[in-house]
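Undergrad: would you be able to build a 3D model of this:
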Amino acid sequence: MATLALVCGCASAWASNDAAPASALLGDYTRLAPALKNNAFGQPLVLQSSENSTGLAGDIYAVVPYRLAAVSAAMRAPEHWCEVMILHINTKYCHAVAGPQGTRLLVNIGKKTPQAMADATRLVFRYNETRIAKNYFAITLTAKEGPLGTSNYRIRLEVVELPVKQSFVHLTYAYSVGFAGRLAMQTYLTTLGADKVGFSRLAPGADGETGYVSGVRGMIERNTMRYYLAIDSYLASQREPPATQLEHRLQSWFSAVERYPRQLHEVERADYLAMKRAEVLRQQTLY
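TA: As a prediction, this is how the structure comes out:
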């Protein structure tokens, strides 16, 4: 009985503090309401990015047409995150592994074309799930090291319930970049990535035209959007019969990125589908 009382007492203490994150996210929803209604994306979505001396971060806020329970059921499982992450064109492999220190996601990233596992870079994400309130949950993936001198990766999804069978989601994708990493990125951005841009608009130039942000901010915006569209495609696929869910989300993700060809077009649909079908099959085995 003493143990039960202690547990109940803790639950009450948690409940008194649990409303803060949900209230903060609802505050973001209120603050961003005008931008969610009027933007260039054609959907209730706001994309923000930032760069400082230590790293980069991208944030997407969006309204999705699913109850919190549906979003929670889809996203509160490590293996489901692998089904999400493999949709990203640069993800070559993802496998969830449980251990004494918690669950890890073994993720390999690489080129936008078919690639052997040995040639792709391995990131080890720690999976941390926190359910804070009945109308809110948050999940964070963290990895200490990444490619090209990057580190401290963080992918965080927090979701709060809205009325009318909707939810408000906030996705953060961030990482730190050291000196070597910045040199490697600059090399990429002056060669293969020279014509790449992000989504944020710049102030009008002397020619009277408005351009898009480029460089490392453009890079973080593109990848944040790719991850968000992967989550959105996965949520949509849950309404389909199990046998067709994979094909539905592959087709959905490609169609979604092609709505923004200036930023996200990389390969043709048939090439993407063939590559991803093979990669999904490969990630069923632990490497």
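
Undergrad: any idea how far the most centrally placed residue in the chain lies from residue 171?
TA: Among the residues of the chain, the one closest to the centroid is residue 227, at 3.4 Å (CA atoms, centre = their mean). Counting by CB to CB, to the nearest Å, the gap from residue 227 to residue 171 is 6 Å. All C-beta spots, glycine's among them, are computed from the backbone N, C-alpha and C.

Undergrad: now do the shared contacts for these two.
TA: residue 155 (CB atoms under 8 Å, 6 or more residues apart in numbering).

Undergrad: for the stretch 101-250 of the chain, just list every one of the helices.
TA: 179-189, 215-237, 245-257 (DSSP state H, counting those that start in this stretch).

Undergrad: ok so, going back, the residue nearest to the centre of the chain and residue 173 touch, don't they?
TA: Yes. Counting by CB atoms under 8 Å, residue 227 touches residue 173, with 5.6 Å between them.

Undergrad: from residue 160, how far out is residue 30?
TA: In terms of CB to CB, residue 30 sits 11 Å off from residue 160.

Undergrad: check what pLDDT residue 16 gets.
TA: pLDDT recorded at residue 16 is 37.

Undergrad: hang on, residue 88 is in a helix, isn't it?
TA: No. Per DSSP: H, G, I helix; E, B strand; the rest coil, residue 88 lies outside any helix segment and is coil.

Undergrad: now it: closest residue in space, sequence neighbours ignored.
TA: In space, and not counting its chain neighbours, residue 88 is closest to residue 226: 5.0 Å by CB to CB, 6 or more residues apart in numbering.

Undergrad: surely that neighbour and residue 264 touch.
TA: Yes. Here residue 226 reaches residue 264: they are 6.8 Å apart, a contact under CB under 8 Å.

Undergrad: identify the bridge partners of residue 166.
TA: For residue 166, the beta-bridge partners under DSSP bridges are residue 162.

Undergrad: my bad, should have said residue 96
TA: Beta-bridge partners of residue 96, as defined by DSSP bridges: residue 105.

Undergrad: so who does it touch?
TA: 78-79, 81-82, 103-106, 127.

Undergrad: I'd like those as TSV, with pLDDT appended.
TA: Conversion of the contacts of residue 96 to TSV gives the following (pLDDT from 0 to 100):
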residue	pLDDT
78	96
79	96
81	98
82	98
103	97
104	97
105	98
106	98
127	97
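
Undergrad: can you pick the most crowded of those residues?
TA: residue 81 (26 neighbours; other CB atoms under 10 Å).

Undergrad: just the element for it, please.
TA: For residue 81, the element it lies in under DSSP states H and E is helix 78-85.

Undergrad: tilt between that helix and helix 245-257?
TA: 40 degrees (axes from the mean of the first three to the mean of the last three CA atoms, to 10 degrees).

Undergrad: so where's the stretch 101-250 of the chain shaky on pLDDT?
TA: 179-181, 189, 192-193, 204-210 (pLDDT under 70).

Undergrad: how close does residue 95 get to residue 201?
TA: Distance from residue 95 to residue 201, by CB to CB: 39 Å.

Undergrad: compare these two (neighbour count), which wins?
TA: Neighbour tally, residue 95 and residue 201, criterion other CB under 10 Å: the higher count belongs to residue 95, 19 against 11.

Undergrad: wait, the more buried one sits on residue 104?
TA: No. At 9.1 Å, residue 95 does not count as touching residue 104 under the criterion of CB under 8 Å.

Undergrad: residues contacting the residue nearest to the centre of the chain?
TA: 84-85, 88, 155, 171, 173.

Undergrad: would a markdown table of these with distance to residue 70 and neighbour count be doable?
TA: Shown next, in a markdown table, are those (distance: CB to CB, whole Å; neighbours: other CB atoms under 10 Å):
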| residue | distance to residue 70 | neighbour count |
| --- | --- | --- |
| 84 | 15 | 24 |
| 85 | 20 | 24 |
| 88 | 22 | 20 |
| 155 | 20 | 21 |
| 171 | 17 | 22 |
| 173 | 23 | 24 |
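
Undergrad: for those residues, which one is nearest residue 65?
TA: Relative to residue 65, the closest of the contacts of residue 227 is residue 171; by CB to CB it sits at 16.4 Å.

Undergrad: any idea what the closest one is bridged to?
TA: Here residue 171, judged by DSSP bridges, has bridge partners residue 60, residue 157.

Undergrad: ok, it to residue 213 distance?
TA: For residue 171, the distance to residue 213 - CB to CB - is 18 Å.
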